[in-house]
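Visitor: model this:
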Amino acid sequence: MLFPKFRQAVVLILLISLLPVRLPAQPIELPEIGASGAASVTPVEEYETGKAVVRNIRRAGGVLDDPLTHEYINNLGYSLIANSDSSMKNFYFFMVNDSQINAFALPGGFIGINYGLLLASESESELASVMAHEIAHVTQRHHARAYEQGSGSNIPAMAALIAAIILGGKNYEVGEAALATMAATSIQSKLDFTRANEKEADYIGIALLSDSGYNPFSMASFFEKLDKNSRLYGESAPEFLRTHPVSKNRIADARNRARNLPRHPQTDQKNYLLIRSRLRVLASNDKVKTLNYFKNNLAAQNYLDRDAETYGYILSLIQNEQFDQARKLIQSLLKKEPHRIAYLLAQANLETHAGNYKKAEQLFKNSLSLYPGNLPITQNYAQALLKAKNYKQARQILRDYLRTDRSEPILYKLLAEAENKLGHEADAKAARGEYYYLNGQPHQALSQLKGALKTPGLSFYDNARIEGRIQQMHEELALLNEIFSE
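Guide: All right, here's what the predicted structure looks like:
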C-alpha cells in the first residue's frame, strides 16, 4: 500500500521555505529556487536546488520506495541519456508516489515520474517519450534560462509558481495562492517562456527518442491520447496536461518532427510490463480486488504479456498469503528465465513472508552472487536478514553497498537498525543521521551525529569521521543558504 497523496504537504514545505524569515543559527531546510535579480544560475546552483527539493519530497512521503521500480526507471533514463549530445550525464530519476498522470524535471538533473503516468502508458516507448521530454528540459537548462528571463522580478514568487505548477493537482488552493503573489504581466511572461521551453523539449526529446531506438511517433500519440481522455473529465484532466499544455498544433508539430526521423521495430518490453504489473499491486488499497483482477485477466487472456500478468498475480498471492500457489507459479516463470531479477526477488520474498528465513537467505545470497552490488537484491536481502535477526550479515552487505552508492536513505535506516541491534551506538546514530539528512531533516541529522560523538569509548578514527561528516553537512547547508539567499 502506497503513501497517501502528498502534493499539498510538499507545496506548503516549498512555500514556507520562501518566507522572508532569517534564523541566524539555523540552516535552512530548503533553499529558494532563485535570487532576485540573478543574472545567471550555475550548474552547481541548479544541482543543489534540485537535490534539496528531492529531499523535501522524500520528507513528505512522496518518493515511492521500491528498489526494483527505482532501478528500472533509472536504467531506462540512462539508456536515453547515453544517446544525448549533451555533456550533462549525471541524472537521478525517481518514481513519485502519486496516481496522477504527471512527470517533471527539477534543476540539476532530478526527474520525477508519477507512478500514475507509467500505469497510463501502454508501451515503454510512450513512457520513454515523456522521460526524453523531461531530460531535454534539463539538458537545455530551462530552469536557469527561466531565472535569467526573470531578472529583476520577484524570484521567490517565481519559485512559488514553479512549486505550484509541479506539485499542484486537483487541489488548486495552494497553487492559486502562489500565483496570486505575482503580477498578471509577470505571470504571462513566464508562461510564454514556458511554452517556448516546451516546444524545444518536444523537438529535442523526439530526436533523443529515435536515437535511443524508440518509436519517434510515441510522444505525439501519447499526448493525443491524454488530450482526448481529458475532455471526458473536465477539470479532472491529467495533471501532465496542465503542466505541459497540449494543442492540436503541438501534436501536429511533434508528428511532423517524427516523420523526418527513422522508425524502429518494437523493443523488448518485458521489464516495462513487469514493472506495470508490480505497480498495480503496490498501488492497490484492496488486496483481494487486485488478486481477482489478475486472476480474471489470466483466465480471459486479457493481457499484453502472460508472464507479466502472472508475475502480478504472484505478487498478489504473496500479499494474500497464498504461498503454495504463488510458489508453484514463480517456479514456472523461473524455469523459462532463471536469471531474471524480478522473479528471483519474488521467489526469495515469498519465502521471507512465509517465515522460511533460512531458505530466503540462501536464495538472496545466490541472487547477490549473480548480481553483485544490485540495489533491489541488496535492500530486500538486508530486510530479510533483519527479520531473521541476522544483524551482523545485514550490516555487512549494507556497508558494502554504501561504499559505492550513498543516495538511497532506506539503506541507512536498515543499517541503523542493524547497528543498534549489535550494540554499536555511535554507528547507529551516524547511519540514522544520514537517513534524516537524505529525507530533508538536517537538524535531526546533525543532532544524531553530534550524539554519536558523545558515545563513550569512541575511537579516534570514528570521532574524526563523524566530525568530518558534520562539517560537510554544515558546508552544504551554508552553500545552499549563500546561493539562494543573495
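Visitor: Kindly report the domain assignment for the chain.
Guide: 7-259, 284-484 (automatic domain parsing).
Visitor: Does the spatially most central residue of the chain belong to a helix, a strand or coil?
Guide: Geometric centre of the chain, nearest residue: F94, 1.4 Å, by CA atoms, centre = their mean. Classification of F94 using DSSP: H, G, I helix; E, B strand; the rest coil returns strand.
Visitor: So what sits opposite it in the bridge?
Guide: G112 (DSSP bridges).
Visitor: now do the one 10 residues further on
Guide: According to DSSP bridges, the residues that bridge with F104 are G112.
Visitor: my guess is the residue nearest to the centre of the chain contacts V53, does it?
Guide: No. Assessed by CB atoms under 8 Å, F94 is found out of contact with V53, at 11.0 Å. Glycine gets a C-beta too; all of them are placed from N, C-alpha and C.
Visitor: residues shared between the contacts of those two?
Guide: Common neighbours of F94 and V53, using CB atoms under 8 Å, 6 or more residues apart in numbering, are F110.
Visitor: Against H443, how distant is the residue nearest to the centre of the chain?
Guide: Look at F94 and H443: by CB to CB, to the nearest Å, they are 24 Å apart.
Visitor: Quick one: neighbours of D286, just the number.
Guide: For D286, the neighbour count with other CB atoms under 10 Å is 10.
Visitor: what does the one 10 residues further on give?
Guide: Neighbours of N296 under the rule other CB under 10 Å: 10.
Visitor: Check the one 3 residues further on too.
Guide: Other residues within reach of A299 by the criterion other CB under 10 Å amount to 8.
Visitor: close enough to count as contact, E419 and A431?
Guide: Yes. Here E419 reaches A431: they are 5.8 Å apart, a contact under CB under 8 Å.
Visitor: ranges for the strands of the stretch 101-250 of the chain?
Guide: 103-106, 110-114 (DSSP state E, counting those that start in this stretch).
Visitor: residues in contact with the last one?
Guide: Right, strand 110-114. 50-51, 53-54, 57, 73, 77, 91-96, 98-106, 127, 130-131, 134-135, 138, 239.
Visitor: do the same with the first one
Guide: When contacts are defined by CB under 8 Å, 6+ apart, strand 103-106 is touched by residues 49-50, 53-54, 111-114, 117, 130-131, 133-135, 137-138, 142-143, 166, 240, 243.
Visitor: quick one: average pLDDT of it?
Guide: On average, the pLDDT along strand 103-106 is 85.
Visitor: same question, stretch 120-128
Guide: Mean predicted confidence for stretch 120-128 is 94.
Visitor: Name the surrounding residues that touch it.
Guide: Stretch 120-128 is contacted by residues 76, 80, 101, 113, 117-118, 130, 209, 212, 214-215, 218, 221-222, 226, 238, 266-267, 269, 271-272 when judged by CB under 8 Å, 6+ apart.
Visitor: Out of the domains of the chain, which gets nearest to S277?
Guide: domain 284-484 (3.1 Å; CB to CB).
Visitor: What is the distance between stretch 219-230 and the centre of its chain?
Guide: Here stretch 219-230 is found 23 Å from its chain centre; the criterion is CA atoms, centre = their mean, to the nearest Å.
Visitor: Next: stretch 95-112.
Guide: The answer for stretch 95-112 is 7 Å, by CA atoms, centre = their mean.
Visitor: Stretch 430-444 too?
Guide: Distance, stretch centre to chain centre, for stretch 430-444: 18 Å (CA atoms, centre = their mean).
Visitor: any residues touching that stretch, and which ones?
Guide: 13, 26-27, 29-30, 52, 55-59, 406-410, 412-413, 415-416, 419, 445-449, 452, 465-466, 469, 473, 477.
Visitor: Could you say which of the strands of the stretch 101-250 of the chain is packed most deeply?
Guide: strand 110-114 (a mean of 25; mean count of other CB atoms under 10 Å).
Visitor: Okay, angle between that strand and strand 92-96 too, please.
Guide: 30 degrees (axes from the mean of the first three to the mean of the last three CA atoms, to 10 degrees).
Visitor: for strand 110-114, what is the average pLDDT?
Guide: The model assigns strand 110-114 a mean pLDDT of 92.
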